[in-house]
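# Any chance you can model this:
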Amino acid sequence: MSSPRRLLFLHTGGTLGMKGDPGPLAPSHYSETVLPFVRGLDELAEIEHSYLCNIDSSDMTPALWEALAATIAQGLDRFDGFVVLHGTDTMAYSASALSYLLQDLPKPVIFTGAQRPLAHLRSDGRQNLVHAAICATLDVPEVGVFFSRRLTRGNRTTKSSVQSYDAYRSPGLAPLVKMGVDIDYPMAARRPAGPFRLRAGFDERVAVLHLFPHIPARTLDALVDDGVRAVLLLAFGAGNLPLTGWPRSIERATQAGVAVIVGTQCIDGSADLGRYAGSAAARDAGALGAGSMTVEGALTKAMFLLGQSDEAEQFRLSWGLDLAGEL
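Alright, predicted model coming up:
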């Protein structure tokens, strides 16, 4: 008889374990709002619990990402998989960040949460928690997000709805696991290319700039003057930008060693620099393309790469590498 699977549940807070209603939702004690609903999972695996923090996910920080990754790294020899209980608002950021920190991950790390607290009768948290635990026992060695019926790659996941229980999308990429009457695997998971390595380091001097018609190019100049080291421009359509002023400001930024990354405001599709004159001018001025990366995946990748090296040229070379399936 084979030994039972061992899982570590890592609690960071979020709606799943909150209390409230009436009144605003706020973090509450883990044992009061989560543990009673974990009963029955002991038939699936031996489960231990670790309490990293108990916060609203809007207060998540890069330091907590690193602490979470370090806890997982320390438990790789003891546990078969990990379930991270996390708030939905910044879950995709955290999952993306951990995908870069946990290089050549050999075991599943599954983020999950809820749109309604577990203590509520209509909570979606029970199903998410059970299915996330099941995914953590499968041969899916990636950082993923399980929500509703799907496990998606963490750095290719974005929150798309406030109201729906089906709150996340993975644009342009099939799920790793799809839960129905049967368990399906629409896309093969990544495999470690070498020995596991825990990485560290984020640089928080980044910014996201959402373009709109007639936005002045001096907006980018101001960010550069303020000391930002990377700017993600959410451009129009396939990465198009205004021709008036913007190529000059992008060139000024890149000459100052600031990485300018062009993404798209659209959920589906990718930034294709050169498809239109505006994006071609941005590319020629030194901008990098985000392709089909999510905002969360691109921003945390920029923070991670800046934390690894101060060299602008090294950033440019590393940006085009597929670090954890984000491309």
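
# Every contact and neighbour count from this point should use C-alpha atoms.
Noted.

# Just give the closest residue to residue 152, not the sequence neighbours.
Nearest residue to residue 152, sequence neighbours excluded (Cα to Cα, 6 or more residues apart in numbering): residue 175, at 4.7 Å.

# Surely that neighbour forms part of a strand?
No: read with DSSP: H, G, I helix; E, B strand; the rest coil, residue 175 is coil and lies in no strand.

# so how many other residues sit close to it?
Neighbours of residue 175 under the rule other Cα atoms under 10 Å: 25.

# Could you export stretch 130-144 as CSV, CA atoms only?
Provided in CSV are the C-alpha atoms of stretch 130-144 (Å, rounded to 0.1, in the frame of the first residue of the first chain):
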residue,chain,number,x,y,z
VAL,A,130,-11.1,20.7,-2.5
HIS,A,131,-10.2,20.8,-6.2
ALA,A,132,-7.0,22.8,-5.5
ALA,A,133,-6.0,20.1,-3.0
ILE,A,134,-6.7,17.4,-5.6
CYS,A,135,-4.5,19.4,-8.2
ALA,A,136,-1.7,19.5,-5.6
THR,A,137,-1.6,15.7,-5.6
LEU,A,138,-1.4,15.5,-9.4
ASP,A,139,1.7,15.4,-11.6
VAL,A,140,1.5,19.1,-12.5
PRO,A,141,4.9,20.6,-11.4
GLU,A,142,3.9,24.3,-11.9
VAL,A,143,2.7,27.3,-10.0
GLY,A,144,-1.0,27.4,-10.9
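
# Now do that stretch, average pLDDT.
For stretch 130-144, mean pLDDT is 94.

# I'd say residue 149 and residue 178 touch.
Yes: between residue 149 and residue 178 there is a contact at 5.9 Å, judged by Cα atoms under 8 Å.

# higher neighbour count, those two?
Taking other Cα under 10 Å, residue 149 and residue 178 do not tie; residue 178 has more neighbours (21 against 18).

# To which secondary structure element is that one assigned?
Secondary structure from DSSP states H and E places residue 178 in strand 177-179.

# who does that strand pair up with?
strand 150-153 (antiparallel), strand 183-184 (antiparallel) (DSSP bridges).

# To residue 10, which of these lies closest?
strand 150-153 (17.7 Å; Cα to Cα).

# dump the residue contacts of residue 268.
171, 172, 292 (Cα atoms under 8 Å, 6 or more residues apart in numbering).

# want to throw these into CSV with neighbour count, pLDDT and secondary structure?
Listed next are the contacts of residue 268 as CSV, based on neighbours: other Cα atoms under 10 Å; pLDDT from 0 to 100; DSSP: H, G, I helix; E, B strand; the rest coil:
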residue, neighbour count, pLDDT, secondary structure
171, 18, 89, coil
172, 13, 89, coil
292, 24, 92, coil
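
# with those residues in mind, which one is nearest to residue 41?
Closest to residue 41, out of all of those and judged by Cα to Cα, is residue 171, at 31.3 Å.
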